[in-house]
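Student: pasting a predicted model and its sequence here:
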Amino acid sequence: MNILVRKWTDKVFTLLAVLSVVLVVGALVGILLPMMWRGGGAVVFRGTVEFRRMQLEQFGRGDSAAVQAEVDQAYKVRQRAYEILADFAAGLDTSDLQTHVRQLHREFGEQLSNRDLPQGQAAELKKLSKELRDILLSALETDSKDQAMEALDAVLPHAQDPGLKDTAASAFFDVARKYKKTIASMDLKRRSEFAQPLKEVRDSVRNLLGPSPGESVPAVTMQQYGATRWDQATEHLDNLLFAETWVSAGDGKSLVKKRTPREEQFAGTALAELFPYVRNNVRPMLRPQWTFYWQYFLDDNKSGHYFGGVGPEIIGTLAITVLAILFALPLGVAAAGYLVECAGDTIATRVLRMCINTLAGVPSIVFGLFGLAFFVVYLLPRLGMPEGSSIVAGALTLALLVLPVIIRASEEAIRTVPRAYKEASLALGASRFGCFMTVTLPSAMPGILTGLILSMSRAAGETAPILFTAGVAMGPIPTSLSQPTRTLSYSSYDMAVGDKMAMLAPHNQFGMIMTLVAIVLLLNIVAIVLRSRISKKLRGH
Amino acid sequence: MQLNWRTLALALLAVAAAGIHQSAVAQARAEKAKPTLQIEGSTTVGPIADEFTEAFGKLHPGVVITVKKTGSGDGIAALIDGRCQIATSSRMMKLEEFKKAVEKGVVPVTHTISMDGVCIIVHPSNPVKALKTEQIKDIFTGKITNWKDLGGADKPIVVISRDTSSGTYESFTHFVMGKDKMFEKVEYVNSNPQAHSRVETTDGAVAYVGLGFVDAKVKALEINGVAPSKKTIQSGTYAFSRPLFMFTNGYPELGSPVHAFCTFHLTEKGQEIIDAKGFVPVTNY
Amino acid sequence: MSTQLADSDTQTAGFTRPLLLTPAQDRGGWLMGHAGLAALMLVTATSVVAVGLIFVFIIREAWPFFQAQGFGEAVSGTDWSPEAQGQERFGMLALIFGSLYVTAGALAIAVPVGILTAVLLSDMVSFRVRQGVKPIIEILAAIPSVAYGFFAVLVLAPLMQERFGLHTGANALNSAIMLAVMAVPTIVSVAEDSLWACGRELREASYACGATRAETLLKIVIPAAHNGIIAAIVLGMMRAIGETMLVWMASGNACQIPHPWYDLTQSVRTMTATVAGEMGETPKGSTHYHALFAVGLMLLTFSLVLNLLTEYLLHRARRSSGGHA
């Protein structure tokens, strides 16, 4: 063949090889970096005053006087916004009033049962209260002013009823009077026009700033606070300032997204001034600050991973991993010792090796099934442990998973111990067992350690084996080995598969993955450093 | 063998191992004395159980609660085996499960904790607004494959379903499919949020999720003229309304943590939580 | 010949006992030695016991399915509808095809990239660079599959849908690419080791005859290491077939054989995803439950066969390369 062709083949081949390596390293960087970056956003971010308030109330962290001062200042700026919104919404969006009315009826019922009235009277009053409640609700819901006025006029005469005086039910009449005044000068027909956009605006404000000071505290922790992170706040602000609607682009065609500034939507109404006000004052309303939330790695989570951190998950992962290693290490090192020192090239040895390799090839989900049926259901109850998932079951399953890794690494380590050591020890009269324990094993220890660290990182990252044996989605930090536990891998899977949280708190999702990958990477880097030290030492011979 | 520190260490290790085992058993027994509550089951009902657990922690401290979300069937099986006290489920127990429970001496008691609706969602850019049950069935059996046959744009329909082990899938099959099977091109996802995000990012997609997952990023279709909302589900006018359950073994002892948990949905706080999570409370509290 | 030193020697040297004892003299030590050996063997046998238990358990749970349904339909039917009331079908062909399909796709990417990388590391770069790059590749192997799954769903799938206009991003191509990323480290390590083991003489002889580097590698070294390289590929294949979390999230889980069969942009479902996804809600003891164990058994069998193959190939490689390190 022409020498030029051969030369060029060589060059092309080299180029392809370099490209491959670049591709591989590029894949690593391209996959890891975005994840770690976004995960880092869970720890380092711009936190708002809502974040500091949440930290104080939920976790008891921070200087309460300083936080309170900040909150007061923020509320001063927000006041105006809440006022504009409340004034406009007073007649149009009565959902809060309806909730309030329902609440009053319930409180009245409780008061009645505490007052110890004769049976018939209590029932009568309760019935009256219910009637009033229902009439009021219909008045609040209807679009027709006449109907509303009629209903309110039906309610008000009962204000003088002796049974209702000085009770929660008397507030019915305050509500009725106030509502009457509000709608007197209002055109209720506009309600349908503005109902949906107003709801969107109120939701955005609630998401941005949290519930207004007068509102009752919501049951779900997540809704008790406004935007705790500045990036969330920007998103909610955008939702507040712009309305996204989908308009038709013609028959048989997809709808097209249209963004309208809400000032236009509400042009000419009292609400229109809310938007420029919020836009210009959002910073003093939220007071964002760069926050280094290192407690992310220690805190428990609240409201389904919306707030808080991954502390218990880290503890769970470490507990299961360490226990698994404790089970697998002696077994693995002993097996490796046997295979290197004592086993000949017999069929039995080949079978043994094949079994170890088979164990290495079993899919992780099969381990999970086996772990459930064998350890959880069959074995552990017979040993006196309570039924159900436990750290021990998960650790045993994981131990089986990493056993081949430890055996392989230990075998390699023991094989590389120079024969001279062994021969010298035997020459001095040590038994084979003693030689193994006192000379070979300590010299192979660095290599075994590497294998141990690699298997730790493998065990920490596995999800399927602990799915059925030790993992729970929610539970306390375990105080004993017979309890199940949360782990990073299981919680990451759960967040992706479970609730809306994955969508609402992507930073937490990435944060969990980042923590898991960081732990695994750390362990691997330690293993690599150890290994290079050892190879340097051995080469030095 | 020589008596040196190595053998001593080995002996100590053996004693320590026995000790740990014994103490673990003892601690486990002591733990049994502390009230524990194990809850397993559906991924749809799971978020409610999570929030209840958190609220519980403030109202009844001292009760240890664990929640697992691996599926309705798994929860029911765990209840039958005695591995949990409460099984959450988005479907009713099947006859075979009931029989197995009776065989094992378990009396399943149903607590209906909330209502839910199976909503058909599409991408917001999809001009289609309403469908009939028949049309949805045709989509999922593969008879209709392009949106233009339904009055939409000329786009192939990307059909997304929940996996066959999900309670939501069961409900959907019950309401829409009947005896017919879905065709092979249907994509399966494992959870409500996944279905939601597939529809959010794919403009030709159609999927079904629970009411709590309908938000501004997807569009819920009207079914047979009725739009899904808390009102229409509560009154039953929405075609695909369904209840969500918790099962216990027998009626729980009054005053026990199990009882408190199973009746939490009847309290005001419980209903607020259910409401906040996007489900429909059973009563008009 | 006496193995004991003369008493005078021991007295001079200060030893209180002879250096080498016969079993008769040190019964305790002899017993301990042999007991220790026996204990070691037992301990090593744990892995055999474990594998045996796994097989026994899986077969025990899968057997009722085969008893009831038979092998034929299970392996040749494409209709997997285990929950259809009254019309259950357990055709696993689509699942088997799905697993093999994504594995083949993954290998199509991973084998060239992996072997070229291995070649580069063993022959083309200095020792320093090799020591530096190997750890990076091992890090790739250590990243948990949940993380890869996240990446596939959150980054790769939208990319496919928006940039390339595919009508779904959760498909066989997505899974194949990510599985390739997961399989490459395995392939690279094993292939690189076997290329290294070929020895310098082979390469030096080839260069001495005037071959270029490419010719040496392509015509001499790689063929010489072919056993080890095939073993590497088989190991990569095992990794890809056994992967659960990634394919569950990224493959779309449509139980179908794509039309046309070479269309990688359609969703498929693998055996592992079926087991993981459906196990949670299946009533224990039902036909569906046993069917899932049957799928698990199939996975185990594949894995075992591939293992035997690897064993055989590596054994041949060791023998043919003359036992080099």
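Tutor: Happy to help now that I have it.
Student: not counting sequence-adjacent ones, nearest residue to whatever residue of the stretch 351-500 of chain A ends up closest to chain C?
Tutor: Among the residues of the stretch 351-500 of chain A, residue A:461 lies closest to chain C, at 2.9 Å counting by CB to the nearest CB. No exception for glycine: its C-beta is placed from N, CA and C like everyone else's. For residue A:461, ignoring the flanking residues on the chain, the nearest one in space by CB to CB, 6 or more residues apart in numbering or on different chains is residue C:144 at 2.9 Å.
Student: pull the contacting residues for the one you found.
Tutor: Taking CB atoms under 8 Å, 6 or more residues apart in numbering or on different chains, we find residue C:144 in contact with A:460, A:461, A:462, A:463, A:489, A:516, A:517, A:520.
Student: likewise residue A:137?
Tutor: Counting by CB under 8 Å, 6+ apart, residue A:137 has contacts A:98, A:101, A:102.
Student: residue B:117 touches residue B:238, doesn't it?
Tutor: Yes. Applying CB atoms under 8 Å as the test, residue B:117 and residue B:238 come out as touching, 5.4 Å apart.
Student: what do those two both touch?
Tutor: Common neighbours of residue B:117 and residue B:238, counting by CB under 8 Å, 6+ apart, are B:228, B:232.
Student: okay, helices next: where are they in chain B?
Tutor: Assigned by DSSP state H, the helices in chain B fall at B:5-33, B:46-59, B:72-81, B:95-103, B:133-141, B:167-172, B:192-201, B:230-235, B:257-262, B:268-276.
Student: same question, the stretch 151-300 of chain C
Tutor: C:157-162, C:172-196, C:200-208, C:213-215, C:222-224, C:226-242, C:245-250, C:271-279, C:287-320 (DSSP state H, counting those that start in this stretch).
Student: deepest of the ones you listed, which one?
Tutor: Mean neighbour count (mean count of other CB atoms under 10 Å in any protein chain shown) peaks for helix C:245-250 among those, with a mean of 30.
Student: so where's chain C uncertain?
Tutor: Along chain C, the model assigns pLDDT under 70 to residues C:1-15, C:19-20, C:83-87, C:280-284, C:321-325.
Student: residue of the stretch 101-250 of chain C closest to chain A, please.
Tutor: residue C:144 (2.9 Å).
Student: give me the pLDDT for residue B:201.
Tutor: pLDDT, residue B:201: 81.
Student: quick check: it touching residue C:160?
Tutor: No. The criterion here is CB under 8 Å, and residue B:201 misses it with residue C:160 at 10.5 Å.
Student: heading C-terminal from the least confident helix or strand in chain A by mean pLDDT, find the next helix or strand.
Tutor: Here the helix or strand of chain A ranked lowest by mean pLDDT, DSSP states H and E is helix A:501-504, holding a mean of 65. For helix A:501-504, the following helix or strand on the C-terminal side (DSSP states H and E) is helix A:506-539.
Student: just checking, what packs against that next one?
Tutor: On a contact count with 3 or more CB pairs under 8 Å, 6 or more residues apart in numbering or on different chains; DSSP states H and E, helix A:506-539 meets helix A:3-40, helix A:311-337, helix A:441-461, helix A:488-497, helix A:501-504, helix C:127-142, helix C:145-151.
Student: try it again with 7 Å
Tutor: Other elements packing on helix A:506-539 under the criterion 3 or more CB pairs under 7 Å, 6 or more residues apart in numbering or on different chains; DSSP states H and E are helix A:3-40, helix A:441-461, helix A:488-497, helix C:127-142, helix C:145-151.
Student: a markdown table for those helices, including mean neighbour count?
Tutor: Below are these laid out as a markdown table (neighbours: other CB atoms under 10 Å in any protein chain shown):
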| stretch | mean neighbour count |
| --- | --- |
| helix A:3-40 | 16 |
| helix A:441-461 | 22 |
| helix A:488-497 | 27 |
| helix C:127-142 | 16 |
| helix C:145-151 | 24 |
